[in-house]
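Student: Just the structure for this:
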Amino acid sequence: MPDAYLHIRTARAALQQSGCSLRCLAAYEMGANGPDPLFSYQILSSHRDPDLYALAERLHSERAGAFLMALATLARGDIQRSFAAGFIMHNTLDSLAHPYVAFLCESEDGIYHIPNGHCFYESALDCVTYRQDTGDRHAVLPLSEACPVLSPAELGETTALLQRAIFAVFGEDIPFLAISDSYRWFHWVHRSFRSRYGFKKLIARLLDAALHKPGFALSHMQPCKMKPDVPDTWLDPYTGESHIGGMAAIVEQAEHKGSEQLRALCGYWKREVTREDLAQVLGNASYNTGLPC
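Tutor: Next up, the predicted model:
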């Protein structure tokens, strides 16, 4: 699935297309990282307590529509509503893009069918996209473009919303501090995996060799080169449907769909759209496959 910058970039474009107004852009853009920060919680520990990694996996594959609706209906105030809107945009891009990424990385003849190919591709995608956007072919993706800094109030509000929504949909009472800390870990991970001059990349190679896990650390490093000739014609591994148009076409589709979802969401908060109509617009697509879950 796409990495942080592409998610935030897509969310920005969808918001602009929608004509909607959200008052807390930092919360919106952090929300666009979706459940991914939970993967980072206690990343250096062999036993995570609570296991937010497993929870993040569930959020990606189970009851996606119910969780998005929980965020939409439980959100109170500008910060929480902005965060909820961003989180919904994460689902929009993931559910459209992940089948393509799976084709590249999981098919036996896929160009990224290598150890940790998924992470190599998404790191390269963020790098290439940022360089195209800036016109600087040597640019290194800034930390702020992947992991916006939230104020204590913003972090507290978004954490409280996530805690309530997780309990409402999955029945898990996750400690407030654990969810909050996952965002600090997320920031640390993105800060640590930047190697402007290549020194950290060397350390990552040595670590991968010591652990006998090719690409375990190196695949997350920025900057990261894209393999040449990534195909635009592909086969959805989950539906068998053939497609013409690679990630650029998928992102354009996500921006359009996201703008429609944002209009419905803001209409719901203004009491102009019913709960049932909002649920239909948001859908219930798995982040991993795009199929109903």
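Student: Going by C-alpha atoms from here, please, whenever you check contacts or count neighbours.
Tutor: Noted.
Student: Starting from the longest helix along the chain, tell me the next helix or strand along the chain.
Tutor: Counting residues, the longest helix found in the chain (DSSP state H) is helix 77-106. Following helix 77-106 in sequence order, the next helix or strand is helix 117-134 (DSSP states H and E).
Student: ok so, going back, quick one: list the elements packing against the longest helix of the chain.
Tutor: helix 4-18, helix 25-31, helix 64-74, helix 117-134, helix 152-170, strand 233-235, helix 247-269 (3 or more Cα pairs under 8 Å, 6 or more residues apart in numbering; DSSP states H and E).
Student: what about the stretch 151-293 of the chain, any weak spots by pLDDT?
Tutor: Within the stretch 151-293 of the chain, the set of residues satisfying pLDDT under 70 is empty.
Student: wait, isn't Val230 in contact with Phe103?
Tutor: No. Contact criterion Cα atoms under 8 Å: Val230 and Phe103 do not qualify, at 11.0 Å.
Student: higher neighbour count, these two?
Tutor: Phe103 (21 against 14; other Cα atoms under 10 Å).
Student: Just the pLDDT for the spatially most central residue of the chain.
Tutor: Note on the chain: the residue nearest the mean C-alpha position is Asn33, at 3.9 Å, using Cα atoms, centre = their mean. We have a pLDDT of 98 for Asn33.
Student: One more: Pro2?
Tutor: On pLDDT, Pro2 comes in at 58.
Student: The one 4 residues further on now?
Tutor: Per-residue confidence at Leu6 stands at 97 (pLDDT).
Student: before we move on, the earlier item: ok, and which of the helices and strands packed on helix 77-106 has the densest surroundings?
Tutor: Across these, averaging neighbours per residue (mean count of other Cα atoms under 10 Å) puts helix 25-31 on top, at a mean of 26.
Student: From the contact counts, what lies against the next helix or strand after that one?
Tutor: Following helix 25-31 in sequence order, the next helix or strand is helix 36-39 (DSSP H and E). In terms of contacts (3+ Cα pairs under 8 Å, 6+ apart), helix 36-39 is packed against helix 52-61, helix 176-192.
Student: How about residues contacting helix 36-39?
Tutor: For helix 36-39, the external contacting residues (Cα atoms under 8 Å, 6 or more residues apart in numbering) are 52-53, 55-56, 179, 182-183, 185-186.
Student: can you list those residues in CSV and add neighbour count and distance to Ala210?
Tutor: Converted to CSV, the contacts of helix 36-39 look like this (neighbours: other Cα atoms under 10 Å; distance: Cα to Cα, whole Å):
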residue, neighbour count, distance to Ala210
Leu52, 21, 26
Tyr53, 21, 24
Leu55, 17, 29
Ala56, 18, 28
Ile179, 22, 31
Ser182, 22, 27
Tyr183, 23, 28
Trp185, 19, 23
Phe186, 22, 24
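Student: Would you mind checking which of the residues you listed is nearest to Asp3?
Tutor: Lowest distance from Asp3 to the contacts of helix 36-39 (Cα to Cα) belongs to Phe186, with 12.3 Å.
Student: my guess is the closest one meets Ser40, correct?
Tutor: Yes. Counting by Cα under 8 Å, Ser40 is a contact partner of Phe186 at 5.3 Å.
Student: rewinding a little: what's the closest of the helices and strands packed on helix 77-106 to Arg191?
Tutor: Minimum separation from Arg191 across the helices and strands packed on helix 77-106 (Cα to Cα) falls at helix 4-18, 12.5 Å.
Student: Show me what the closest one is packed against.
Tutor: Identification of packing neighbours for helix 4-18 by 3+ Cα pairs under 8 Å, 6+ apart yields helix 25-31, helix 77-106, helix 117-134, helix 247-269.
Student: In JSON lines, list those helices along with distance to Ser219.
Tutor: Shown next, in JSON lines, are the helices and strands packed on helix 4-18 (distance: least, Cα to Cα, whole Å):
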{"stretch": "helix 25-31", "distance to Ser219": "22"}
{"stretch": "helix 77-106", "distance to Ser219": "13"}
{"stretch": "helix 117-134", "distance to Ser219": "4"}
{"stretch": "helix 247-269", "distance to Ser219": "19"}
